[in-house]
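*Asks:* predicted model and sequence below, questions to follow.
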Amino acid sequence: MTLSAVFFAGQAGIVRYLSRDLHFIEISFFRAVFGIVIMLPWLMRSGVGVLRTSHTKFYVTRGFLSTIAMYGWFGSLALIPIGDATAISFTFPLFIALAGVLLLKEPAHATRWIALAIGFAGTLIVVRPGFQEVNIGVFMVVGGGVCIAFSAMILKVMLRTDTPDKAAIYQSIYMLPFAFIAVLFVWEWPTAEQWFWGFMLGAGSTTAQRLYSRAFATGDVGSIAPFDFTRLPFAIAIGFVVFSELPDIWTIAGGVVIFCSSIFAGRTESRRDRKKAS
């Protein structure tokens, strides 16, 4: 999950750069198309038979939810700084953990909820609702987070029988038709440089998704989700180095709180796993 956070932060940086000249829906189309291209070597090595699945309806639903979530996330990156968008996106683990308890009947350990509450408090420090004007990009991030939570529940169910790589390629396959229909209304022919970064976006996003799927295959949703908080320092670094977006003291303070919640979650979940093993 931590390594996927690195690639997701890189994805955010590419989207932020491309959104200067391209519509976020067209950028989303790049992610879907090149996500499939990056998975082709794996598909050729494994054979077409590896795509056999009994979860087609689940994959189609997840493709639709992932497309809506992608529009919310990519659209927000065109409106607000990358560090702020990333910090606000840390409401995602809260939605995911809550959905895991309600839909998958996962155990609701007190320490798990404490870690998520601390991380969410850190996000509120960054956003500071009521103390500054809330950009529409904030609502786009949160809306995308709700879609991601439901998508994560579907992913968890499918990973009981399907491999993480199969889930990753099917996500891109079923995102493509939804993204294609939307891009017809905003298409502008990209430059060679934009094609290159579009390819890198697909490569980075798919790699992040493969790592993300593997993370969810290893344990409870609620115990894995808090490690997604590590995206913030990576995103802040990219925002500062590439876009000269220096985070304010509130973003840094919120990031520290979020990081502490990740450490707390990791240690408590590790101790619980050792107790179960013994």
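*Replies:* Nice, thanks for sending it over.

*Asks:* quick one: the helices in the stretch 101-250 of the chain?
*Replies:* Assigned helices in the stretch 101-250 of the chain, in chain order: 110-127, 136-158, 164-183, 192-216, 221-224, 231-243, 249-277 (criterion: DSSP state H, counting those that start in this stretch).

*Asks:* just name the shakiest helix or strand of this structure by mean pLDDT.
*Replies:* Taking mean pLDDT, DSSP states H and E as the measure, helix 221-224 is the helix or strand of the chain with the lowest mean score, a mean of 63.

*Asks:* that older thread, which of the helices of the stretch 101-250 of the chain sits most buried?
*Replies:* Per-stretch averages of neighbours, counted by mean count of other C-beta atoms under 10 Å, single out helix 221-224 among these, with a mean of 24. The way it works is simple: take the backbone N, C-alpha and C, and place the C-beta from them, glycine included.

*Asks:* what mean pLDDT does stretch 261-278 have?
*Replies:* Stretch 261-278 shows a mean pLDDT of 67 in the predicted model.

*Asks:* what is the neighbour count of Ser244?
*Replies:* As a burial measure, Ser244 scores 7 neighbours (other C-beta atoms under 10 Å).

*Asks:* coming back round to it: so which of the helices of the stretch 101-250 of the chain gets nearest Leu79?
*Replies:* Distances from Leu79 to each of those were compared using C-beta to C-beta; the shortest belongs to helix 136-158, at 3.4 Å.

*Asks:* helices or strands up against the closest one?
*Replies:* Counting by 3 or more C-beta pairs under 8 Å, 6 or more residues apart in numbering; DSSP states H and E, the packing neighbours recorded for helix 136-158 are helix 56-77, helix 82-88, helix 91-103, helix 192-216, helix 221-224.

*Asks:* would you turn those helices into TSV with distance to Leu18?
*Replies:* As requested, the helices and strands packed on helix 136-158 are exported to TSV (distance: least, C-beta to C-beta, whole Å):
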stretch	distance to Leu18
helix 56-77	9
helix 82-88	13
helix 91-103	22
helix 192-216	6
helix 221-224	30
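
*Asks:* with Ala179 as the reference, name the closest of those helices.
*Replies:* Proximity of those to Ala179 was assessed by C-beta to C-beta; the nearest stretch is helix 56-77, lying at 5.8 Å.

*Asks:* now do the buried residues in that closest one.
*Replies:* Neighbour-count burial for helix 56-77 flags 58-59, 62-77 (criterion: 16 or more other C-beta atoms under 10 Å).

*Asks:* what residues does the closest residue to Tyr170 other than its chain neighbours make contact with?
*Replies:* Residue nearest to Tyr170 in three dimensions, not counting chain neighbours: Tyr59, with 4.4 Å by C-beta to C-beta, 6 or more residues apart in numbering. Listed by C-beta atoms under 8 Å, 6 or more residues apart in numbering, the contact set of Tyr59 reads 53, 158, 167, 170-171, 173-174.

*Asks:* if we go to 10 Å?
*Replies:* With contacts defined as C-beta atoms under 10 Å, 6 or more residues apart in numbering, the neighbours of Tyr59 are 53, 154-155, 158, 162, 166-167, 169-171, 173-174.
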